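Peer 1: A structural model of the following input is requested.
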Amino acid sequence: MMWPVFITALGLLFVFEGILPALSPRAWRRLMQQMFIQSDRVLHIIGLASMLIGLALVTIARDLY
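Peer 2: Residues are numbered from 1 along each chain as shown. Below you'll find the model as predicted:
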């Protein structure tokens, strides 16, 4: 495994995860409250969709370079 790439990707994950709470803490808090009231099924679907989109982006980026 290429550790520098993994560490870079992890760092970017933290950067992107921190954008909304840094720019609009109120909106982030509302979003988190909405997540807490969702059913497990909806959260499973959101998680799966997120992973598939991430996998597609990684595949596209890998093919470009």
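Peer 1: for the chain, what spans make up the helices?
Peer 2: Under the criterion DSSP state H, helices of the chain are mapped to 3-23, 25-37, 40-64.
Peer 1: Make CSV out of these and add mean neighbour count.
Peer 2: Quick note: C-beta positions are derived from backbone N, CA and C, even for glycine. Shown next, in CSV, are those (neighbours: other C-beta atoms under 10 Å):
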stretch, mean neighbour count
helix 3-23, 10
helix 25-37, 10
helix 40-64, 10
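Peer 1: Could you save those helices as TSV and add columns showing mean pLDDT?
Peer 2: What follows is the helices of the chain, written out as TSV (pLDDT from 0 to 100):
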stretch	mean pLDDT
helix 3-23	91
helix 25-37	94
helix 40-64	92
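Peer 1: Report the spatially nearest residue to residue 38, omitting neighbours in sequence.
Peer 2: residue 46 (7.7 Å; C-beta to C-beta, 6 or more residues apart in numbering).
Peer 1: how much space between the nearest residue to residue 28 once chain neighbours are set aside and residue 40?
Peer 2: Nearest in space to residue 28, with sequence neighbours left out and distances taken as C-beta to C-beta, 6+ apart, is residue 21 at 4.3 Å. The gap separating residue 21 from residue 40 is 24 Å, by C-beta to C-beta, to the nearest Å.
Peer 1: same question, residue 49
Peer 2: 15 Å.
Peer 1: same thing with residue 60?
Peer 2: Counting by C-beta to C-beta - residue 60 and residue 40 are separated by 30 Å.
Peer 1: go on, residue 29?
Peer 2: Taking C-beta to C-beta, one finds residue 29 at 22 Å from residue 40.
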